[in-house]
Each structure stands twice: as C-alpha cells, then as structure tokens.
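Visitor: kindly return the folded structure for what I paste below:
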Amino acid sequence: MKLILFLIILANFYMISGQNIFINCRYVEIDPDKKYTCDFTINNPYGFDNFTDIPGEHLPGKSDKDVASVEYHFRRFDFSTNIPSIICRKFPNLIHLFMFSVGIEKIDEFELRDCKNITFLLMGSNNITSIAENAFVENTKLTIFMIHEEPIKTLPENLFEKQHKLEYLILADNNFDDLPENIFRSLKYLKFFVFWKNGIKNLKLEWFHPLENVEELWLNSNYFGDIPKNIFTHLSNLTDLEMLDTGVSVIHSDSFGIHPNLTRMFFNNNLIYAIDEKFFDNVNPNVEADFRRNICTNRRAVGIKEVKKEFRQCFDNYKKLSESSIDHPIKKMTNAMNSNIRPDQRNIKLENIIKQLRQRIKF
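Guide: This next block holds a predicted model:
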C-alpha cells in the first residue's frame, strides 16, 4: 500500500513538474487613451499562488506603477484556475482588470485584496463556481463589475457590501438558482443593471428597493412569469426597462408605480394577454413601447396616443380580468402555456455586452 501511495505521489510530481507553468506580460499602450496595459498570458492549471514576479519588458520610460490595465483574452493552450495575487501586488495603480476565458474556478478573499484602486472588474466565460464573501472587501472604488457566462449557482449576501460607488452591474448568462434577498442593499448609486438569462424564477422586492438611482434595467430571459406588486415602485429614475422572454402574462400598474422618465420599454416574446391602462398613465408621454409577439398584441408603439390605440385589446382584457377567477378563458390558456413555454435561449454574446458598456463609458 505504501509503495502504491509513493508511486501515485511520484506520478503527480512528475506530471506537475512537466507542466510549463508561467506568467508573463506584454506591455502595450492601447488607443485611444494610450492606457498602459499588461497583455497577460498565464499557464497555471493547478492554481498556484506563489509567483513572486511577472516577467515582461516595459516600454521605454514606463514601470510597474504606470500599468493601468491587465487584460487576458482567450488563448487556446493557456489558462489558470485562479487569479494570482501577484497581479495586484505588482501593479499598485491598476484600475482595469479584464479576465475572459482564463479558466478561473474560484475567487478567494486574498486574490484581489491589493487591488485597492481598481474601478473596472470584468470576468466572463471562465468556470467560476464560488466567490468568497470577502473577495472584494478592499475594492471599494469599483464602478463597473461583470460576471458573464459562469456556472456559479449563487453569490454571497455581503459580496457587494463595500461597493458603494458601483454604477454598472452586469450579471448575465450565469447559472444562478437564487440570490440572497439583501445582496444589492449597498448599491444605491447603481445606474445600469443587466440581469439577463440567469435562471431566476422569482423576482424579490428586496433586490430592487435599494436601487433608487437605477436608470436602465434589463431582466431578459429569466422565466419568472409574474411581476410582484410594488417591486419597481421605488425606481423613480428608470428610463429603460427590458423584460423580453420572461413569461410575463399580465401587466399591473401597481407593480411599477410612477415613472415619468421611462421612455423605452421592451416586453417582446412574452405571454401578455392583459395590461392595466393606468400603467401607461405613469410613464413618459413619448414612451417607446415594444410588445411584439404577445397574446393580446403584436405591436410596437411610440407615444401615448399610439399606445392607447395599438394596445386597446390588452386594456379591454384587463378590465374583464377577475383575479379570483381561474376559469377566465384567456387566463386558462396562459396558464397552460406557462407550463410548457420557456424563454428564448438566445446566446447573450459577451461582445454585445461590452459594446453596450463602451457606448456609455469610455474605456
């Protein structure tokens, strides 16, 4: 038995020692801002965190203190299961960290602790299954955070506790079962919230009530069906609302409240058969409302006058609707459809999200 154990240890040693473990920077200045960037390469399949330096030759007149961005994009044969802490230790003025298709499996509480000046943290298409609750406790200057296309099932309740400056949050195409009620409680300055295709089946009031400054809210391709009452009533600054492919069947005005700045709403590809007309009395008079591919309408309308004309059947259905009567014929049909239909499984491309961000922020 001891001999077998020894042979296993010896085999693992030779397997690891045979791996070409490396970390490296190719330094470039990226237009248009001439941002000094480490174009990052790494091969660290066992997630070692004992690197003492990152080799690479600086451009003339530049040093580690000038590095503003570290970027890793997919390379066929290189990957790492963690974010080595040497990145944050080596570059004290780092503000942007982009990690796409690196192979990261988890983020612990020490990896990003020395990135005290970081403002952008974008991660996507890795293999992240867990993030420590204190992983971002020192990253208090974050303004943009993204997790895209990761198999992670949930996030810790206090993950964003110190992110009081966060303005852009993108959680898209992940595999969440659920999220804690109070996870977004510190994000009162959030403006742009993308929450696409995360497998969420129920919306929670507690997620949205702290987000009083949100202007754009995209909830597409989460099959939650019903919109709880009062869930969006606190979002008085809302200008843009997207709820495509969510299984919504009825629009109640008391789910939304008064939104005088709401100028764009997309409810395409749902099961909507009834809309409370009062919903449109509380939005911008020039609103663009796209309700194509629903039960009671297949129309897009611009301006309240056109809305009132095109969605008349939806309004009439709402007036006839009895919430206590499950025998309503349209309601019965919708319930049957709800049990079978699932949202459009369109792939939410990473480049589309980045494009949307670049339209709003210069980076």
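Visitor: go through stretch 215-225 and flag the buried ones.
Guide: Glu215, Glu216, Leu217, Trp218, Leu219, Asn220, Ser221, Asn222, Tyr223, Phe224, Gly225 (16 or more other C-beta atoms under 10 Å). Placement of C-beta: from N, CA and C, glycine included.
Visitor: stretch 249-266 now?
Guide: 249-253, 255-257, 259, 262-266.
Visitor: let's see that stretch as CSV, backbone CA atoms only.
Guide: This file holds the C-alpha atoms of stretch 249-266, laid out as CSV (Å, rounded to 0.1, in the frame of the first residue of the first chain):
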residue,chain,number,x,y,z
SER,A,249,-48.7,37.4,-18.8
VAL,A,250,-50.4,40.4,-17.0
ILE,A,251,-49.1,43.9,-16.5
HIS,A,252,-50.4,45.5,-13.3
SER,A,253,-49.9,49.2,-12.8
ASP,A,254,-49.2,48.7,-9.1
SER,A,255,-46.1,46.7,-9.9
PHE,A,256,-44.4,49.8,-11.3
GLY,A,257,-45.6,53.0,-9.7
ILE,A,258,-44.9,56.4,-11.3
HIS,A,259,-42.1,56.6,-13.9
PRO,A,260,-42.1,60.0,-15.6
ASN,A,261,-38.7,59.3,-17.1
LEU,A,262,-39.5,55.9,-18.6
THR,A,263,-39.0,56.4,-22.3
ARG,A,264,-38.2,52.9,-23.5
MET,A,265,-39.8,49.5,-22.6
PHE,A,266,-39.4,46.2,-24.3
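Visitor: where does the stretch 201-350 of the chain dip in pLDDT?
Guide: 322-350 (pLDDT under 70).
Visitor: all strands of it, in order?
Guide: All strands of the stretch 201-350 of the chain, identified by DSSP state E, counting those that start in this stretch, fall at 216-218, 240-242, 250-251, 264-266, 274-275, 288-290, 300-302.
Visitor: mind listing the strands the second one pairs with, and their directions?
Guide: Same thing as strand 240-242. strand 216-218 (parallel), strand 264-266 (parallel) (DSSP bridges).
Visitor: mind listing residues that contact the first one?
Guide: The reference is to strand 216-218. Strand 216-218 is touched from outside by 191-196, 211, 232, 235, 238-242, with contacts defined as C-beta atoms under 8 Å, 6 or more residues apart in numbering.
Visitor: rewinding a little: out of the buried residues of stretch 249-266, who's nearest Met123?
Guide: Taking C-beta to C-beta as the measure, Met123 lies nearest Phe266 of the buried residues of stretch 249-266, at 26.7 Å.
Visitor: next one: that closest one from Leu244, what distance?
Guide: 6 Å (C-beta to C-beta, to the nearest Å).
Visitor: Asp290 too?
Guide: 9 Å.
Visitor: who has more neighbours, the two?
Guide: The neighbour comparison of Asp290 against Leu244 (other C-beta atoms under 10 Å) goes to Leu244, with 21 against 16.
Visitor: ok now stretch 304-320, how far from the chain's centre?
Guide: Here stretch 304-320 is found 33 Å from its chain centre; the criterion is C-alpha atoms, centre = their mean, to the nearest Å.
Visitor: I meant to write stretch 190-202 there.
Guide: 6 Å.
Visitor: these two touch, right, Glu310 and Ala301?
Guide: Yes. The criterion here is C-beta atoms under 8 Å, and Glu310 meets it with Ala301 at 4.4 Å.
Visitor: helix or strand for the closest residue to Glu57 other than its chain neighbours, which one?
Guide: Sequence neighbours aside, Tyr27 is the residue nearest to Glu57 in space, at 7.0 Å (criterion: C-beta to C-beta, 6 or more residues apart in numbering). For Tyr27, the host element (DSSP states H and E) is strand 22-30.
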